[in-house]
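Asks: Predicted coordinates and the sequence they were generated for:
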Amino acid sequence: MSTTIEKKPRTNHLELARRILEHTQETGVVPGDPVSEQALARTFQVSRTLVRGALKVLHEENLLSHEAGKGYRLVAPPAGQPFNSALPQAAEEELATSVLRDRMAGRLGDSISISELMRRYGIGRPAAQKALAQLSESQAIERGPGQSWLFRPSLNSLAALDESLKFRLILEPEALLSPHFNADPQRLTLLRAGMETLLATPVEDFDLQQFRELDISFHELIGQSCGNRFVSDALLQHQSLRRLPNLLPSVSVHRLHEALREHLHIIAQIERGQMEIAADLMRLHLRLSAAQRPQTANRGIPHRHPFGRG
């Protein structure tokens with residue numbers, strides 16, 4: 001086993017850490033407020049030992065402060081960055097990312113197996129099983145015949161990106177028009193702060209990863225807030241595809257600035273309760289994204305990874 005894997009945080013600690021961050025946002029906890037180990041164990045119905053491990057991860061990532069005898073307190077993420085994007089990957093998440101990058105670059109076929117993962121990445125069976133579980137959970141793969149796993153459709157071509165935008169153009173404006181649409185004001189405020197901060201950075205310092213996180217988090221919020229479980233499930237499942245590594249096209253920072261402003265205009269209308277206008281702005285936003293997509297995809301995916309040969 002690679003020492004890189006052994007040094008990674010445990011998956012159950014990372015998963016609970018993410019849930020804790022989401023819980024603080026949903027319940028209105030702000031930077032400086034205390035975070036109770038006992039209350040979290042009761043909320044999530046888990047042991048205090050597991051909570052302690054998750055809090056340690058958050059403390060190591062500077063998302064919590066700790067003072068002996070006084071416990072933990074929430075710390076604001078840097079520069080309006082979304083909380084969850086500051087967390088590291090678990091070992092199997094990093095391996096799953098390597099697998100998907102190899103798949104997108106044509107270095108893997110349409111299926112994969114545990115034995116192939118073990119050979120290709122120089123790992124043991126438990127690590128391979130965890131990576132497959134991670135890929136399955138993110139809906140990147142599904143069970144195939146025998147011991148094989150089949151890769152599901154992904155955003156790995158311009159045609160797929162075009163289909164993705166058309167799918168979203170059908171559902172996202174309708175989600176905004178749902179009579180039960182109800183977005184969390186605090187989450188809207190956090191997203192707006194992050195977008196405004198990113199817009200204010202010089203072009204040469206523009207953080208593409210931060211844009212990606214803000215963009216997907218914004219569209220996830222639309223799906224989560226619509227109040228229709230079937231529309232919500234469809235949109236969230238599709239956004240999970242957007243979180244997977246893909247052949248990201250080369251998009252100008254100018255266009256990304258425009259996209260952030262479009263997001264901010266939609267948020268403003270949602271906050272005003274002007275849902276018809278918000279839906280119209282969403283249609284325009286998605287159509288502009290489709291019209292200004294590049295004609296070639298960026299295939300600059302590295303051939304080497306931390307788990308063995310590329």
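Replies: That came through, no problem. Numbers count the residues shown, from 1 in each chain.

Asks: Buried residues of the helix or strand harbouring residue 285, list them for me.
Replies: Here residue 285 is covered by helix 275-291, with elements defined by DSSP states H and E. Neighbour-count burial for helix 275-291 flags 275, 277, 278, 279, 281, 282, 285, 286, 289 (criterion: 16 or more other CB atoms under 10 Å). Every C-beta, even on glycine, is put in place using the N, C-alpha and C of the backbone.

Asks: Could you dump those residues into TSV and include pLDDT and distance to residue 119?
Replies: TSV is the format used below for the buried residues of helix 275-291 (pLDDT from 0 to 100; distance: CB to CB, whole Å):
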residue	pLDDT	distance to residue 119
275	97	53
277	97	55
278	97	51
279	97	50
281	97	50
282	97	46
285	95	45
286	95	42
289	87	40
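
Asks: Now render those residues as TSV, adding distance to residue 128.
Replies: Shown next, in TSV, are the buried residues of helix 275-291 (distance: CB to CB, whole Å):
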residue	distance to residue 128
275	47
277	50
278	45
279	45
281	45
282	41
285	41
286	38
289	37
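
Asks: Among those, find me the one that's closest to residue 130.
Replies: Closest approach between the buried residues of helix 275-291 and residue 130, by CB to CB: residue 289, at 35.0 Å.

Asks: farthest residue from the center of this protein?
Replies: For the chain, the largest distance from the centre (CA atoms, centre = their mean) belongs to residue 69, which lies 34.8 Å off.

Asks: does that residue sit in a helix or strand, and which one?
Replies: Using DSSP H and E, residue 69 falls outside every helix and strand.

Asks: Quick one: the helices in the stretch 51-200 of the chain, in order.
Replies: 91-104, 114-121, 125-137, 158-177, 185-199 (DSSP state H, counting those that start in this stretch).

Asks: low-scoring stretches of the stretch 151-300 of the chain, by residue?
Replies: Scanning the stretch 151-300 of the chain for pLDDT under 70 picks out the ranges 156, 245-250, 293-300.

Asks: picking up where we left off before, contacting residues for the residue farthest from the centre of the chain?
Replies: Residue 69 makes no contacts at all, as judged by CB atoms under 8 Å, 6 or more residues apart in numbering.

Asks: If you count contacts, what does the helix holding residue 285 end up packed against?
Replies: On a contact count with 3 or more CB pairs under 8 Å, 6 or more residues apart in numbering; DSSP states H and E, helix 275-291 meets helix 158-177, helix 253-272.

Asks: Tabulate those (JSON lines), appending distance to residue 64.
Replies: Output for the helices and strands packed on helix 275-291, formatted as JSON lines (distance: least, CB to CB, whole Å):
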{"stretch": "helix 158-177", "distance to residue 64": "34"}
{"stretch": "helix 253-272", "distance to residue 64": "28"}
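
Asks: before we move on, back to that, pop out the phi and psi values for the residue farthest from the centre of the chain.
Replies: phi 80, psi -10 (degrees, to the nearest 10).

Asks: measure it to residue 187 for me?
Replies: To residue 187, residue 69 is 33 Å away according to CB to CB, to the nearest Å.

Asks: Ok, residue 140 next?
Replies: Distance, residue 140 to residue 187, by CB to CB: 26 Å.

Asks: Likewise for residue 258?
Replies: For residue 258, the distance to residue 187 equals 23 Å [CB to CB].
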